[in-house]
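Peer 1: sequence-free structure coming up:
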């Protein structure tokens, strides 16, 4: 796997350089060719070495990625006094505009997917403390999603809950009644805390994004971008230059093909398949509830976001943490075998 990721990283860096995608070419070649395999190797070491305590390291990595955008949103809510930001852009107190709604959505996706932890029952007091902390962080992430009227975040949260429910039933059967009951009570409490006008404003804001060509039925206009990306796969086998390409595909794999060509695209597909295989193995064999929950929710966050957002262009750190997680998963497979 390390060799595959190294080949992917070097080929991606080389072809994006040749296609003229980076102004600071030398720095970006080093950046994109070295960091993904480096993060992978660190993750693999963590997964193989720390085993059952991995949820602390995963939490730390997710917190590093998400804390800045969460603070931005909380500042914006404090400045405007509004739960909903109809402009979907934020201006901080110094007049500087922060990151776009799409970029913030990418960076908080792993926090939002953590809402699936509600379904899992911790085994001890330490795990209970981590679960409470991560769910609180997830609630803040959902506040960011609602504030910026982000549809991807809503889907990530729902799919995370459904996936965790299905896997929990598969692993534990009837023992999931208590966490489901707690989740239902929490949902009712949240709805009670939000008065009806606020809920109505939220629904109207999301409905307002259903404009021609950008409806939920075509994934916010992404299906057309995906079709274009697929058509261009073999039309530009070595990737497109910045003068040819008109827009992002909003898909990590197709965006890789668009900027760097078929070779890194197919390498990324192989890496993805191998990671999914390792993840399914961990889900089947792991007996650690908390860690299993984090593997599931983190995978949901990464996969869904990579499928519908321009992650490499939106947040390089997000992609590097993706390879860290791929390494953690590969390393942890050895722990569940032991």
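Peer 2: Arrived safely, thanks for sending. Since the structure is predicted, the reported quantities are computational estimates derived from the model, not experimental observations. Numbering: from 1, shown residues only.

Peer 1: okay, CA-based contacts and neighbour counts for the rest of this
Peer 2: OK.

Peer 1: can you pull the contacts of residue 318?
Peer 2: 65, 106-107, 311-312 (C-alpha atoms under 8 Å, 6 or more residues apart in numbering).

Peer 1: so residue 153 touches residue 144, yeah?
Peer 2: No: counting by C-alpha atoms under 8 Å, residue 153 does not reach residue 144; the two are 9.0 Å apart.

Peer 1: and residue 104, what does it touch?
Peer 2: Residue 104 neighbours (C-alpha under 8 Å, 6+ apart): residue 69.

Peer 1: For residue 72, see how far away it is.
Peer 2: Separation of residue 104 from residue 72 (C-alpha to C-alpha, to the nearest Å): 9 Å.

Peer 1: Kindly report the same for residue 330.
Peer 2: Taking C-alpha to C-alpha, one finds residue 330 at 34 Å from residue 72.

Peer 1: Give me the more crowded residue out of the two.
Peer 2: Neighbour totals were compared for residue 330 and residue 72, and residue 330 leads with 27 against 18 (other C-alpha atoms under 10 Å).

Peer 1: Flag the shaky bits of the protein, pLDDT-wise.
Peer 2: For the chain, applying pLDDT under 70 flags the ranges 22-27, 52, 85-99, 122-123, 172-221, 242-247, 336-338.

Peer 1: What segments of it are helices?
Peer 2: Under the criterion DSSP state H, helices of the chain are mapped to 2-18, 25-50, 54-80, 101-113, 125-147, 151-172, 177-193, 196-207, 222-231, 252-260, 262-285, 289-308, 311-314, 316-337.

Peer 1: so which of the ones you listed gets nearest residue 239?
Peer 2: helix 252-260 (4.4 Å; C-alpha to C-alpha).

Peer 1: I'd guessed residue 237 sits against residue 262; true?
Peer 2: Yes: with contact defined as C-alpha under 8 Å, residue 237 reaches residue 262; the gap is 5.3 Å.

Peer 1: quick one, which of the two is more surrounded?
Peer 2: Between residue 237 and residue 262, counted using other C-alpha under 10 Å, residue 262 has the larger neighbour count: 22 against 16.
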